[in-house]
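*Asks:* Kindly return the folded structure for what I paste below:
(one chain, ligands or ions: 2)
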Amino acid sequence: MFRRLFIGVAISTIAFSSNAQNGSLPQSPTWTTPDIDALAHDRHGTLVRHGRVLMTATYAHIGPDASDPAKRYAGNNLACTNCHLHAGTKKFGIPLFGIIDEFPKYSARTGNEISIEDRLNSCMTRSMNGRPLPSDSDEMRALVAYVGFLSTGVLPGQALEGMGTGKMPELARAADPARGEMVYARACTACHNADGSGVQRSRGNPALGYLTPPLWGNDSFNDGAGMARLINFANFVHFNMPHGADYLNPQLTLDDSWDVAAYVLSQARPSKADLDRDFPDLLEKPIDAPYGPYADTFPALQHKYGPFQPIREALMRLRAQSPQRTK
Ligand code: HEC
Ligand code: HEC
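*Replies:* Residues are numbered from 1 along each chain as shown. Ligands and ions are numbered 1, 2, ... in the order given. So this is what the prediction gives:
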């Protein structure tokens with residue numbers, strides 16, 4: 001399965017034409033995912049290849065059951081590529097291409113500028129439910145080299161199309177976990193299991209990772225992760241699931257995508273300590289952060305399941321009233 005995926009990576013091209021309509025951005029006809037096999041087998045090439053291995057077999061090298069106990073940085077047996085699909089090269093599969101020059105970058109979550117290493121460690125401590133990789137570790141250097149490699153040929157300031165999870169229309173109602181349970185049974189259970197525990201590659205041997213990753217429970221991302229936010233999750237599912245779907249061929253309706261997201265995110269998952277310290281400026285907190293405190297007076301459940309537009313509007317009013325906003 002992985003072999004097939006890698007071939008897909010090598011030949012996939014990412015065309016973007018929308019810049020033609022945007023005169024302010026540097027123009028480039030087509031950006032093609034760089035070919036990792038064309039890299040020399042020198043120090044840099046070896047580091048980038050190691051970075052890709054860490055993206056696709058994270059559990060084996062830095063997972064909680066990795067053979068070297070000192071390297072057990074991740075707290076679950078996910079792989080980065082479970083979310084950053086096709087090793088970070090799939091449009092709207094949270095790709096990691098073209099981003100290296102954006103860092104250091106202001107982070108609303110910390111209220112400071114963060115480095116690419118900091119950003120990556122935010123996935124280590126949340127999506128991977130673990131501890132940060134030291135900046136000078138081989139693993140961090142390899143992952144950063146790989147993310148840098150994915151920006152090959154991208155001009156400074158150039159925005160590639162297909163970033164994030166996509167942006168489908170929102171519902172005017174709250175997403176409904178009860179209805180989502182039926183969608184889950186129909187469209188997800190076969191791969192992710194009725195109890196959300198996924199399918200291990202080798203039963204009882206978590207260090208070999210998953211054929212299909214768990215969506216909740218002990219070995220999943222924690223409640224501070226980007227995927228724990230309904231808007232990210234619902235869009236990711238709409239544009240990527242069932243496995244094989246893509247943004248050109250979504251398989252689930254909008255209602256089904258929002259509701260199944262609500263069902264999965266209503267289930268138990270690891271919880272991160274001190275989440276109340278995130279987003280020191282609450283006016284910058286994402287409307288769908290599933291944990292308080294909030295700048296507005298909407299109930300926590302509405303932040304979790306929507307509808308989001310009323311919250312968005314209230315926040316815009318609060319921001320307009322707030323003096324001396326710099327960001
Ligand atoms: C459970 C899903 C998941 C896993 C596993 C995961 N990530 Fe992420 N990652 C996300 C999401 C979601 C975002 C975007 C968050 C947002 O928009 O707030 C993100 C963002 C990032 C970014 C910033 C992207 C940008 O455009 O600025 C980097 C870099 C990154 N992840 C690296 C990694 C690495 C390396 C690993 C493995 C060690 C990893 N992630 C594992 C879900 C995941
Ligand atoms: C045909 C099998 C299949 C079906 C059906 C399927 N998935 Fe997945 N899902 C996968 C695989 C495989 C991955 C990991 C992708 C990779 O590593 O390339 C994944 C990854 C995910 C992820 C990101 C990884 C994580 O740990 O959070 C989410 C979220 C997800 N699936 C949700 C769903 C939902 C919700 C449904 C039902 C609407 C669904 N999937 C249906 C196979 C499937």
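*Asks:* How about the residues of this structure by ligand 2?
*Replies:* When proximity is defined as C-beta under 6 Å from any ligand atom, the chain approaches ligand 2 at 78, 81-83, 85, 187-188, 190-192, 212-213, 215, 227, 233, 236-237, 241-243, 252, 260, 264. The C-beta positions use only the backbone N, C-alpha and C, and glycine is treated the same way.
*Asks:* Just the residues you listed: which are in helices?
*Replies:* Those of the residues of the chain next to ligand 2 mapping onto helices are 85, 187, 190-192, 233, 236-237, 260, 264, per DSSP state H.
*Asks:* Filter the residues of the chain next to ligand 2 down to the buried ones.
*Replies:* Buried members of those, counted by 16 or more other C-beta atoms under 10 Å: 78, 81-83, 85, 187-188, 192, 212-213, 215, 227, 233, 236-237, 241, 252, 260, 264.
*Asks:* Quick check: chain neighbours aside, which residue is closest to the one residue in the stretch 1-150 of the chain that gets nearest to ligand 2?
*Replies:* For the stretch 1-150 of the chain, the residue closest to ligand 2 is residue 82, as judged by C-beta to the nearest ligand atom, at 4.1 Å. Take residue 82 and drop its neighbours on the chain: the residue closest to it by C-beta to C-beta, 6 or more residues apart in numbering is residue 213, 4.4 Å away.
*Asks:* Against residue 116, how distant is the one you found?
*Replies:* Going from residue 213 to residue 116 by C-beta to C-beta, to the nearest Å gives 24 Å.
*Asks:* One more: residue 89?
*Replies:* Distance, residue 89 to residue 116, using C-beta to C-beta: 17 Å.
*Asks:* same question, residue 141
*Replies:* Per C-beta to C-beta, residue 141 is found 11 Å from residue 116.
*Asks:* which one of those two has more residues nearby?
*Replies:* residue 116 (21 against 17; other C-beta atoms under 10 Å).
*Asks:* I figured that one was touching residue 147, is that so?
*Replies:* Yes: judged on C-beta atoms under 8 Å, residue 116 makes contact with residue 147 at a distance of 6.6 Å.
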